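>>> I'd like to go over a predicted model; first the sequence, then the structure.
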Amino acid sequence: MKLSQNFTLAEMVGSQVATRRGIDNRAPMWAIERLADLATEILQPVRDRFGPVTVTSGWRCQALERALKGRPEGWRSESQHSRGEAADFEVRGRSNLEVARWIEAALPFDQLILEFYEPPDPNSGWIHCSYVRPPRGVAMQALRQGGGVAYIRGLPQEPS
């Protein structure tokens, strides 16, 4: 099923972890509608501007969220992935910072996180981006600090 010109439902629900652990990561219709909005409003414009996009994580059912985060049965995720609103992705051959800065300037994102980007490596980390109506337009970066993760408002400055 196509969600936009170049994005399919299969790539938005695909998960190696789900496959290895026998988790059924099919998305319900309400999530498919949100994934279509995400593909249309965020992912397709990124592809149109920069070329092919590799989605590394899209829809995550609750069982997959628990498996990824090491949580017990019954724990419920508040992740935008488990609401069909977010994807993690990269654009081969393009700096994640460059792509994130373009999204920040050009698209109606809800949350944009440049995750674990480490200059001077332009391909380090990945981009997490979500879409909801109305979008909040919150941009930030996620950094590894002291064995945990720190979220800092705003994208990093251009490397010199």
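Structure received. Residues are numbered from 1 along each chain as shown.
>>> which secondary structure elements does the one helix or strand in the chain whose mean pLDDT sits lowest contact?
Ranked by mean pLDDT, DSSP states H and E, the helix or strand of the chain with the weakest confidence is helix 62-69, at a mean of 88. On a contact count with 3 or more CB pairs under 8 Å, 6 or more residues apart in numbering; DSSP states H and E, helix 62-69 meets helix 16-21. Heads up, the C-betas are built off the backbone N, CA and C, glycines and all.
>>> which other helices and strands contact the helix it packs on?
Using 3+ CB pairs under 8 Å, 6+ apart, helix 16-21 sits against helix 62-69.
>>> switch the cut-off to 10 Å
Identification of packing neighbours for helix 16-21 by 3 or more CB pairs under 10 Å, 6 or more residues apart in numbering; DSSP states H and E yields strand 53-57, helix 62-69.
>>> Adding mean neighbour count and distance to Glu11, write the ones you listed out as TSV.
Formatted as TSV, these follow (neighbours: other CB atoms under 10 Å; distance: least, CB to CB, whole Å):
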stretch	mean neighbour count	distance to Glu11
strand 53-57	18	5
helix 62-69	17	15
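>>> looking at these, which is closest to Leu97?
strand 53-57 (15.8 Å; CB to CB).
>>> what residues does the closest one touch?
For strand 53-57, contacts defined as CB atoms under 10 Å, 6 or more residues apart in numbering pick out 6-8, 11-17, 38-39, 42-44, 46-47, 64, 68, 79, 81, 86-92, 94, 99, 126-128.
>>> angle of it against helix 62-69?
90 degrees (axes from the mean of the first three to the mean of the last three CA atoms, to 10 degrees).
>>> Put the alpha carbons of strand 53-57 into CSV.
The C-alpha trace of strand 53-57 is given here as CSV (Å, rounded to 0.1, in the frame of the first residue of the first chain):
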residue,chain,number,x,y,z
VAL,A,53,15.3,8.3,2.2
THR,A,54,16.0,5.3,4.3
VAL,A,55,13.4,4.9,7.1
THR,A,56,15.1,3.0,9.9
SER,A,57,12.1,3.1,12.2
